[in-house]
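# Generate a structure from the sequence data that follows.
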Amino acid sequence: MSDNIVTLKKEYFFKQNNNVHIHISNECKEFVGVLHRHEFIEIVYIISGRAKHIIGNNEYSVKKGDVSVINANEVHAFIADTTCNEEFLAYDLMFTPEFLDNSCLSSDDFSLLANSFLFYSIFPDEIGFKERFNLIPNCNREIGSIFEKIYDEYKNSKTGYVNLIRLYIAEIIIKLLRKLGNSEKNTLTDTQKHIVEAVIEYIENNYSMKIKVDEIASRMFFSKNYLSKIFKKETGSSIHGFLTEIRIKEVLRLLTATNDTISDIALSCGFTDMKSFYSIFKKYTGQTPKQYRDEV
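From the prediction side, this is the model:
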């Protein structure tokens, strides 16, 4: 303890001196809502809910899909919004700069790490992003899926997991830099963002039904092309691709959690053509549904 601020030490989280750790916020509830600092860089991806992120003298409202980057020794806290109907959950990814790049041994600043040899050749002019790293809003689900992969690798700790996590973190950094670099020319208005959020909500609530993009557009009184364009700009995915991803994720869950037949599961998730379903499943997972279920 120092100045009534909790300091989180490396040894508390890093196992086997690997200098990397990830958990979901509800696995370390004692630190949620508590001002603290730590001896490492932290990247936080909001899985669900909303919160107020206090960092230094600044406050940011964060929600599902946002990313926050916290440098070593920065005092901060996430205060969950209890009025939200979703529980506040976040991936907390922690690592030291040397985990990625040994030339950064003396650096505890994410903006300097981002300009290390790993990324400088791709983004030579990114110095100046330091303040904006504190909140990177509306990251697409592709970035969230990388956090999910890191979490799974860390929990399972199979051979080579540390090296795979290192690659995934590098991928996250590159994609965050891309998003920041394109933010000015790709920023949507608040109204357009609300439209995209409404489409996402509709898909998440109705994925088991037959859904067509032109029908969604008609419901919202927009052209199909316009809706598709702003959805792609905001999420990085097409509406059809997003719908398929939601359906496949639910299929994966049901294959693991139930003994229902594969055809029943596919139908319940909105797949009406079994030949097409098997092709899509193989494309997303590299396996047949039976192979996936047998291996889980």
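# Show me what counts as buried in the strand or helix carrying Glu148.
In this structure, Glu148 sits in helix 141-156 according to DSSP states H and E. Within helix 141-156, the residues that count as buried by 16 or more other Cβ atoms under 10 Å are Arg141, Ile143, Gly144, Ile146, Phe147, Glu148, Ile150, Tyr151, Glu153, Tyr154. Just so you know, the C-beta spots here come from the backbone N, C-alpha and C atoms, and that holds for glycine as well.
# Repeat that for stretch 84-91.
For stretch 84-91, burial by neighbour count (16+ other Cβ under 10 Å) applies to Phe88, Leu89, Ala90, Tyr91.
# Now do the first one against Met274, distance only.
So that's Phe88. 39 Å (Cβ to Cβ, to the nearest Å).
# Which one among the buried residues of helix 141-156 sits at the bottom for pLDDT?
Within the set of the buried residues of helix 141-156, pLDDT is lowest for Arg141 (80).
# Could you pull up the contacting residues of that one?
Arg141 is in contact with Gly65, Thr235, Gly236, Ser237, Phe242, Glu245, counting by Cβ atoms under 8 Å, 6 or more residues apart in numbering.
# any low-confidence regions in the stretch 1-150 of the chain?
1-3, 101-133 (pLDDT under 70).
# how about a markdown table for the contacts of Arg141, with distance to Val296, neighbour count and secondary structure added?
Compiled in a markdown table, the contacts of Arg141 are given as follows (distance: Cβ to Cβ, whole Å; neighbours: other Cβ atoms under 10 Å; DSSP: H, G, I helix; E, B strand; the rest coil):
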| residue | distance to Val296 | neighbour count | secondary structure |
| --- | --- | --- | --- |
| Gly65 | 27 | 21 | coil |
| Thr235 | 28 | 20 | helix |
| Gly236 | 28 | 18 | coil |
| Ser237 | 26 | 16 | coil |
| Phe242 | 24 | 21 | helix |
| Glu245 | 19 | 17 | helix |
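# Nearest to Arg50 among the residues you listed?
Distance to Arg50, by Cβ to Cβ, is smallest for Gly65 among the contacts of Arg141, at 10.9 Å.
# show me what contacts that closest one?
Gly65 is in contact with Ile46, Pro137, Asn138, Cys139, Asn140, Arg141, Gly144, counting by Cβ under 8 Å, 6+ apart.
# Redo the residues you listed as JSON lines? Include distance to Glu59.
Output for these, formatted as JSON lines (distance: Cβ to Cβ, whole Å):
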{"residue": "Ile46", "distance to Glu59": "15"}
{"residue": "Pro137", "distance to Glu59": "14"}
{"residue": "Asn138", "distance to Glu59": "18"}
{"residue": "Cys139", "distance to Glu59": "20"}
{"residue": "Asn140", "distance to Glu59": "25"}
{"residue": "Arg141", "distance to Glu59": "26"}
{"residue": "Gly144", "distance to Glu59": "23"}
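# what residue ranges in the stretch 151-296 of the chain score low on pLDDT?
Residues of the stretch 151-296 of the chain meeting the criterion pLDDT under 70: 181-189, 221.
# repeat that with 80
Along the stretch 151-296 of the chain, the parts satisfying pLDDT under 80 run over 177-192, 218-223, 296.
# can you give me the helices in it?
With helices called from DSSP state H, counting those that start in this stretch, the stretch 151-296 of the chain shows them at 161-181, 183-186, 190-206, 213-219, 224-235, 239-257, 262-268, 274-285, 289-295.
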